[in-house]
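In: The following comprises the amino acid sequence and a computationally predicted model.
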Amino acid sequence: MELFDDFPSLGRTDLRDLKKGIDFAFRDFSRENGEAIENFFDPLMHFMVWFEKLLLATPWPIMILVFAALAWLGARSIWVVVGTVASFLTIGFFGMWEDTMATVAIISVATFLCIGFGIPLGIIMSRSNRMQAVVTPVLDIMQTIPSFVYLIPVVMLLGIGKVPGLIAVCIYAIPPIVRLTNLGIRLVDKEVLEAAEAFGSSYRQKLLDVQIPLALPNIFAGVNQTIMMALAMVVIASMIGVKGLGVPVLRAVSNQYLALGLMNGLAIVALAVIFDRVSQEYGKRLQKHRQGGHGA
Amino acid sequence: MPDIKVSIKNLYKIFGPNSESMVQKVEEGATKASLQADHKHVLGLNNVNIDIPARRIQVIMGLSGSGKSTLIRHLNRLIEPTAGQVLVDGEDVLAMSDQELREFRRNKMSMVFQKFALLPHRTVIDNVSYGLKIKGVDKAEMRERSQKWIDRVGLSGFEDNYPAQLSGGMQQRVGLARALATDAEILLMDEAFSALDPLIRNDMQDILLDLQEELHKTIIFITHDLDEALNIGDNIAILRDGAVIQQGSPQEIVLDPADDYVRDFIKDINRARVLDVKSVMEPGSSDTGLSFTADTILELAMPAMSNADVTSANVTHDGEVIGMVTLADMIGGIARPESHEGEQVTYR
């Protein structure tokens, strides 16, 4: 009955060798290719440094004007604009301006990267069931695996800094945009698609004239979710050297500074609310024509 | 013999994994029900042969599940057949390459859909220009041609509305204008008016007939509504379980139904509105002084006869008397034909 008493596990030595083997293999890989990969991401890093410096170098009143203008363009609501201005004024008043700008910088870049890769991936996924079957579990893993686990190889490869932080944020934040692009395109009215086909649309014409416009509400919900998830990663990203509101939060946790943690945490919340309202209102405006004024 | 625009030859469509091997089973006499029960394949179309004349309205009718929507989608190859041919102007649609097929759909054949299938994010005029945009017509010309068709279907002033702001009838006018704007010679209409309420449906039929009088397109019209079929069709083909069971003019179908299925179909229609005096006339001539042209429908002829207080009249064609009708002929014509007792008619 030995089988029932002891789980038939790999021996301690074998297990250690296995882990060591994987670790050494990856270490060798990162030693050999680390530099090449870092060079590959160099332009991205320079861009991020430049963008952050730009946000910080611009005088704060101009930045607040820019934020107010963006909020107005997105939401077309005076209350959202007032809320945005008030939030940023408060943030600055409590001395969190620089960290906030750093966070805004990384969130913006991460969001654009996610959109740039996520939407095309979602389109490819919507084209084939096999592709969907392959990509969906990968997205599941990206969303559920603890972030710390993929931080290890990323840090091993790229060290500590902005780029690994950005990659970590993107891994966590890209799944919703991919999923919702795929879903949105798959949900496009079959009749309308058939009409496009019947009038002799090419694949490109179908995609640009019918599928993407009709999927836009869903795609936009994906963008919104991506922004929210990127913000949620701010604290974890600060562990690997990303500047921003996460850094003081981390310091507050390890030193039990209640006020510091609370203030910076609330600043993240304020950013989240602003991004969320502006992007949601913009998404709603995109589909205004769907509700007719005719009771149809 | 009128010139044939579209010719459907021995068309089969069978849904299922081994559809091609099933064609033979159907040729050997398997029915829709037996194919379903024995081989788990669905018989969509069963040896359909229809010659569609140019510049006329061909109606294809049947109840739901009879394969009519499947059939019309074979004409522009939205659905691939299992076997058979579709010839348009002698060219086999099924042999076209993707590129040829796109050109064919852009220029030769356009389509109107049951649920309109408009682009909800485009305005009326942009929806109407859709086919032209795909063709690559330049902007100014596109605008001008679309505007012309918007005016023709009576939607002037609604150019910048979105489809959701229009009623069903107006949306389908947009669909009709969109299909007409490409100047395709062949117009496919898939239950185009079925989603509309009866008054609007009659309106749309009138619009279509008006346009047809001037445009002379080859129209292939799918419907499940016999009144609609009789009203607009020059020719009608009746489909049941994927097979054509009768083809002919409205008169022929009403006067001489091929089987109980068709007989059941026509039993509730207003026969006096379909039949003309020619179809019930007898040889000879009448001396009452009253005369009708051959295509006068009974609904008009009978009260005229009653008003003139006579019981017979001449039937004329191009000014010449070709026969006579009596009141009894006409009453006989509108009497409902007997159904064969005891025969059970099922429709699925």
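Out: That came through fine.

In: so A:Met233 makes contact with A:Ile167?
Out: No: contact criterion CB atoms under 8 Å: A:Met233 and A:Ile167 do not qualify, at 10.8 Å. (Each C-beta comes from the backbone N, C-alpha and C, glycine too.)

In: Which helix in the chain has the most residues?
Out: Going with chain A. helix A:12-57 (DSSP state H).

In: nope, chain B please
Out: The residue-count maximum for a helix in chain B (DSSP H) belongs to helix B:198-215.

In: which one is B:Ile52 nearest to, not counting chain neighbours?
Out: Distance criterion CB to CB, 6 or more residues apart in numbering or on different chains; nearest residue to B:Ile52, sequence neighbours excluded, is B:Val6 at 4.1 Å.

In: buried residues in stretch B:159-170?
Out: B:Glu159, B:Asn161, B:Tyr162, B:Pro163, B:Ala164, B:Gln165, B:Leu166, B:Gly168, B:Gly169, B:Met170 (16 or more other CB atoms under 10 Å in any protein chain shown).

In: Once you drop chain neighbours, what's closest to the last one?
Out: Translated: B:Met170. Closest residue to B:Met170 apart from its sequence neighbours, by CB to CB, 6+ apart: B:Leu155 at 6.4 Å.

In: Contacts only, for that neighbour.
Out: B:Leu155 sits next to B:Val124, B:Met170, B:Arg173, B:Val174, B:Ala177 when contact means CB atoms under 8 Å, 6 or more residues apart in numbering or on different chains.

In: same thing but at 10 Å, please
Out: B:Val124, B:Ile125, B:Val128, B:Trp149, B:Asn161, B:Leu166, B:Met170, B:Gln171, B:Arg173, B:Val174, B:Leu176, B:Ala177 (CB atoms under 10 Å, 6 or more residues apart in numbering or on different chains).

In: Just name the closest of these to chain A, please.
Out: The nearest member of the contacts of B:Leu155 to chain A, counting by CB to the nearest CB, is B:Leu166 at 6.3 Å.

In: Low-confidence stretches in chain B?
Out: Chain B contains residues with pLDDT under 70 at B:1-2, B:337-348.

In: just to revisit the earlier point, listing partners with orientation, what would you give for the host helix or strand of the residue nearest to B:Ile52?
Out: Using DSSP states H and E, B:Val6 sits within strand B:4-15. The pairing partners recorded for strand B:4-15 under DSSP bridges are strand B:42-53 (antiparallel), strand B:83-88 (antiparallel).

In: can you give me the angle the helix or strand following the longest one makes with strand B:42-53?
Out: This points to strand B:42-53. Sequence-wise, the next helix or strand downstream of strand B:42-53 (DSSP H and E) is strand B:57-61. Interaxial angle, strand B:57-61 versus strand B:42-53 (axes from the mean of the first three to the mean of the last three CA atoms, to 10 degrees): 160 degrees.

In: wait, what's in contact with the residue lying farthest from the centre of chain B?
Out: The outermost residue of chain B, judged against the average C-alpha position, is B:Asp287 (40.0 Å), by CA atoms, centre = their mean. B:Asp287 makes contacts with B:Val310, B:Ser312, B:Asn314, B:Met324, as judged by CB under 10 Å, 6+ apart.

In: Pretty sure B:Ser286 is one of the things the second one touches, is it not?
Out: Yes: counting by CB atoms under 10 Å, B:Ser312 sits close enough to B:Ser286 to count as a contact (4.1 Å).

In: can you list residues touching both of those two?
Out: Joint contacts of B:Ser312 and B:Ser286 (CB under 10 Å, 6+ apart) are B:Met324, B:Val325, B:Thr326.

In: Distance to A:Asn129, secondary structure and neighbour count added to those, as JSON lines?
Out: Formatted as JSON lines, the shared contacts of B:Ser312 and B:Ser286 follow (distance: CB to CB, whole Å; DSSP: H, G, I helix; E, B strand; the rest coil; neighbours: other CB atoms under 10 Å in any protein chain shown):
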{"residue": "B:Met324", "distance to A:Asn129": "69", "secondary structure": "strand", "neighbour count": "22"}
{"residue": "B:Val325", "distance to A:Asn129": "65", "secondary structure": "strand", "neighbour count": "30"}
{"residue": "B:Thr326", "distance to A:Asn129": "68", "secondary structure": "strand", "neighbour count": "18"}
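
In: contact partners of stretch B:314-328?
Out: Counting by CB under 10 Å, 6+ apart, B:276-296, B:298, B:301-302, B:305-306, B:310-313, B:329, B:332-333 sit against stretch B:314-328.

In: Please determine whether the helix or strand containing A:Glu194 lies in contact with chain B.
Out: Assigned by DSSP H and E, A:Glu194 falls within helix A:190-198. Yes: remark: helix A:190-198 sits within contact range of chain B at A:Lys190, A:Glu191, A:Val192, A:Leu193, A:Glu194, A:Ala195, A:Ala196, A:Glu197, A:Ala198, by CB under 10 Å from any CB of the partner chain.

In: Is it possible to mark the buried ones in those residues?
Out: Buried among those (16+ other CB under 10 Å): A:Val192, A:Leu193, A:Glu194, A:Ala195, A:Ala196, A:Glu197, A:Ala198.

In: about what we covered before: of the strands paired with strand B:4-15, which stretch is the most buried?
Out: Across those, averaging neighbours per residue (mean count of other CB atoms under 10 Å in any protein chain shown) puts strand B:42-53 on top, at a mean of 21.

In: Off-centre distance for it?
Out: 14 Å (CA atoms, centre = their mean, to the nearest Å).

In: Dump that strand to PDB, keeping only the CA atoms.
Out: This file holds the C-alpha atoms of strand B:42-53, laid out as PDB (Å, rounded to 0.1, in the frame of the first residue of the first chain):
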ATOM      1  CA  VAL B  42     -30.500  18.500 -44.900                       C
ATOM      2  CA  LEU B  43     -31.800  18.800 -48.400                       C
ATOM      3  CA  GLY B  44     -31.800  22.500 -49.300                       C
ATOM      4  CA  LEU B  45     -32.500  22.500 -53.000                       C
ATOM      5  CA  ASN B  46     -33.500  19.500 -55.100                       C
ATOM      6  CA  ASN B  47     -32.900  19.700 -58.800                       C
ATOM      7  CA  VAL B  48     -34.000  23.200 -59.400                       C
ATOM      8  CA  ASN B  49     -34.500  24.300 -63.000                       C
ATOM      9  CA  ILE B  50     -35.800  27.800 -63.600                       C
ATOM     10  CA  ASP B  51     -35.300  30.000 -66.700                       C
ATOM     11  CA  ILE B  52     -35.700  33.600 -65.700                       C
ATOM     12  CA  PRO B  53     -36.700  35.900 -68.600                       C
END
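
In: thought A:Lys152 was touching A:Ile145?
Out: Just so we're on the same page, residue A:152 is Ile rather than Lys. No: contact status for A:Ile152 versus A:Ile145: not in contact, 11.2 Å apart, counting by CB under 10 Å.

In: Which neighbours do the two have in common?
Out: In contact with both A:Ile152 and A:Ile145: no residue, using CB under 10 Å, 6+ apart.

In: Checking my notes, B:Glu144 in a helix, right?
Out: Yes: counting by DSSP: H, G, I helix; E, B strand; the rest coil, B:Glu144 is located in a helix.

In: where do the strands sit along the stretch 201-348 of chain B?
Out: According to DSSP state E, counting those that start in this stretch, the stretch 201-348 of chain B carries its strands in the segments B:218-223, B:235-240, B:243-248, B:291-293, B:312-317, B:320-326.
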